[in-house]
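Undergrad: Just to be clear, the model below is a prediction. Sequence and coordinates:
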Amino acid sequence: MLRFRSAALGLMLALTPAVHAAFAQTAPPPSDSASKPAEPAVPNFFRDIQANAFASLGYISNLNMPQDQTIGLRYFDNRANTFSVDLAELVVQKAVAKAGDAGFRIDLTAGTFAGLTQSAGLSLGDNADLQQAFASYIAPLGTGLRFDFGKFVTHMGYELIEGYDGYNDNYSRSLLFNYAIPLTHTGVKATYSPSPKVSLMAMVVNGWDDAIDNNASKSVGAQILVKPIDPVALYVNYIGGPENADNNSSIRHVIDFVGTVTVNPMLSLGVNADYGTEGGTSVVKPGDDATWNGVAGYVKISTSSPFSVGLRGETFKDNGGTRLGIGEARVNEFTITPAFKFGSNFVVRAEGRYDSSDSLPFIDDKGIAKKNQATIGLNAIWVY
């Protein structure tokens with residue numbers, strides 16, 4: 001019996017390599033699907049959704065040191081001697097790029113600046129805003145006719161309401177951005193590019209910063225963008241319509257010009273000019289038309305390192321007293337903003353600014369009206 005078991009064991013050991021070889025030839029190799037659970041398919045719609053974020057924090061000191069800590073003639077950065085969460089932005093969008101594409105964009109913002117961009121009739125609270133909310137479609141006509149329906153930021157001006165897809169070279173905003181032009185519109189706009197060097201836009205909207213119109217008429221706007229050569233871009237912008245509550249006859253017109261040129265990788269230049277008029281609304285000469293005008297120049301100096309400097313100089317004249325709220329006045333300002341970029345997402349910048357006026361719009365620590373004001377500030381930006 002012992003000899004039989006030994007013989008059987010020897011036969012099994014002898015046959016084992018042959019069995020393994022035969023199995024290797026006939027059995028299919030293991031697949032990834034057999035070793036991993038199948039992943040559910042993600043619908044194309046959700047794969048195309050893009051999410052981005054932006055945050056800006058700052059601190060500004062007013063060297064006039066007014067007791068109420070205000071900063072005169074500033075719309076956004078109007079408080080001194082306090083740390084500020086200026087803006088936190090979340091953008092969710094499905095971008096459109098070619099004929100037949102349909103998409104949307106929603107910008108939600110919070111912070112001390114967010115409440116200042118609110119449109120009349122649409123509020124998420126004192127310090128929050130639905131800054132943009134629009135649907136887009138590119139009709140298959142020619143090179144593609146794009147339509148946007150909803151609330152969107154204005155096409156006017158050199159400077160931006162800052163966000164993940166663009167921020168200014170200076171921390172504070174220009175007088176032109178604050179007082180010469182609107183911030184947002186609600187309505188419909190159409191954009192068409194007959195060639196790579198020309199783009200045309202037209203829109204019909206509720207007006208200046210009105211989510212719900214304050215009168216029975218609409219405002220119309222337009223833009224012509226021309227790029228004669230690669231480093232140069234020229235924009236001519238317009239908006240016109242009645243903007244006062246329950247008044248359809250007093251028409252406001254603004255023509256806005258923006259020009260940019262990239263001289264070389266280390267030097268870029270920009271200019272912004274505005275002229276506005278509004279029928280019969282002057283507070284300086286009641287019954288006359290109010291007018292305002294201004295021009296701003298921009299220089300950005302970059303280096304081979306992450307360091308750069310933004311310079312801005314401008315002058316703004318409010319002839320009718322309707323824009324600045326201080327009667328007929330001219331205000332000038334000069335701003336220097338050195339910046340340092342850490343990686344691709346984080347920027348820290350300092351700023352010095354000097355404002356002067358032919359009137360007395362600024363206040364010092366003794367409550368005395370002054371013609372000038374100097375501020376220094378620090379700003380940190382994070383972009384995703």
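TA: Arrived safely, thanks for sending. Numbers count the residues shown, from 1 in each chain.
Undergrad: Helix or strand: which one has Val204?
TA: strand 198-205 (DSSP states H and E).
Undergrad: swap in Val263?
TA: For Val263, the host element (DSSP H and E) is strand 251-264.
Undergrad: Repeat that for Phe46.
TA: Element membership of Phe46, judged by DSSP H and E, is helix 44-47.
Undergrad: got it, and Gly327?
TA: Element membership for Gly327, per DSSP H and E: none, as it lies in no helix or strand.
Undergrad: mind checking how far it is from Ala369?
TA: Noted for Gly327: a distance of 12 Å to Ala369, by Cβ to Cβ, to the nearest Å. Where C-beta positions appear, they are placed from N, C-alpha and C, glycine not excepted.
Undergrad: re the thing from before, which is the next helix or strand following the strand holding Val263?
TA: The helix or strand immediately downstream of strand 251-264 is strand 267-278, counting by DSSP H and E.
Undergrad: In that following strand, which residues are buried?
TA: The neighbour-count check on strand 267-278 (16 or more other Cβ atoms under 10 Å) flags 268-274, 276-278 as buried.
Undergrad: so which of these comes closest to Thr303?
TA: Nearest to Thr303 among these is Ser268, at 13.0 Å by Cβ to Cβ.
Undergrad: from what I can see the closest one touches Val232, true?
TA: No - shown here, Ser268 and Val232 do not form a contact pair, counting by Cβ atoms under 8 Å, at 11.0 Å.
Undergrad: where do the contact lists of the two overlap?
TA: Residues touching both Ser268 and Val232 (Cβ atoms under 8 Å, 6 or more residues apart in numbering) are 260-261.
Undergrad: got the contact list for the nearest residue to Pro196 once chain neighbours are set aside?
TA: Spatially, and ignoring its direct neighbours in sequence, Pro196 is nearest to Lys227 (7.6 Å; Cβ to Cβ, 6 or more residues apart in numbering). Lys227 makes contact with 196-198, 233-234 under the criterion Cβ under 8 Å, 6+ apart.
Undergrad: Dump those to TSV, plus distance to Asp209 and neighbour count.
TA: Below are the contacts of Lys227 laid out as TSV (distance: Cβ to Cβ, whole Å; neighbours: other Cβ atoms under 10 Å):
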residue	distance to Asp209	neighbour count
Pro196	33	8
Lys197	32	13
Val198	29	13
Ala233	26	18
Leu234	26	15
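Undergrad: Show me the strands in the stretch 201-350 of the chain, by range?
TA: Using DSSP state E, counting those that start in this stretch, the strands of the stretch 201-350 of the chain run over 219-226, 232-242, 251-264, 267-278, 290-302, 307-318, 329-342, 346-357.
Undergrad: Show me what counts as buried in the strand holding Val204.
TA: 199, 201, 203, 205.
Undergrad: got the CA coordinates for stretch 119-130 in CSV?
TA: Provided in CSV are the C-alpha atoms of stretch 119-130 (Å, rounded to 0.1, in the frame of the first residue of the first chain):
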residue,chain,number,x,y,z
SER,A,119,-28.1,95.0,-10.2
ALA,A,120,-31.3,96.8,-9.1
GLY,A,121,-34.0,94.2,-8.5
LEU,A,122,-31.6,91.2,-7.9
SER,A,123,-30.0,90.8,-4.5
LEU,A,124,-28.5,87.8,-2.7
GLY,A,125,-27.8,89.9,0.4
ASP,A,126,-25.7,92.9,1.4
ASN,A,127,-22.4,91.2,0.5
ALA,A,128,-23.3,88.7,-2.2
ASP,A,129,-24.2,88.8,-5.8
LEU,A,130,-25.3,86.8,-8.8
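Undergrad: ok, residues contacting it?
TA: 106-112, 114-115, 117-118, 151, 184, 186, 209-212, 214.
Undergrad: now stretch 139-153
TA: Contacts for stretch 139-153 (Cβ under 8 Å, 6+ apart): 96, 98-100, 119, 122, 130-138, 160-161, 183-194, 211.
Undergrad: Got a ChimeraX select line for the buried ones in these?
TA: To isolate the buried ones among the contacts of stretch 139-153 in ChimeraX, judged by 16+ other Cβ under 10 Å, type:
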select :96,119,122,130,131,132,133,134,136,137,138,161,183,184,185,186,187,189,191,192,193,211
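Undergrad: for the chain, what helix or strand is lowest in average pLDDT?
TA: When each helix and strand of the chain is scored by mean pLDDT, DSSP states H and E, helix 2-26 comes last, with a mean of 38.
Undergrad: Tell me which of the contacts of stretch 139-153 fall in strands.
TA: Counting by DSSP state E, these place 130-138, 184-194 in strands.
Undergrad: which parts of stretch 62-77 are buried?
TA: 62, 64, 66, 71-77.
Undergrad: Just the residues you listed: which are in strands?
TA: Counted as lying in strands by DSSP E, out of the buried residues of stretch 62-77, are Asn62.
Undergrad: which one of the buried residues of stretch 62-77 sits closest to Ala222?
TA: Tyr75 (25.1 Å).
Undergrad: Span of stretch 165-185 from start to end?
TA: Stretch 165-185 stretches 19 Å from its first residue to its last (Cα to Cα, to the nearest Å).
Undergrad: Quick one: distance of that stretch to the chain centre.
TA: Relative to its parent chain, stretch 165-185 has a centroid offset of 9 Å by Cα atoms, centre = their mean, to the nearest Å.
Undergrad: Just the buried positions in that stretch, please.
TA: Buried residues in stretch 165-185, counted by 16+ other Cβ under 10 Å: 167-185.
Undergrad: So in terms of bridging, what pairs with Phe54?
TA: Per DSSP bridges, the residues bridged to Phe54 are Glu89, Val383.
Undergrad: Next, count neighbours for it.
TA: The tally of other residues near Phe54 (other Cβ atoms under 10 Å) stands at 21.
Undergrad: Show the pLDDT at it.
TA: pLDDT recorded at Phe54 is 98.
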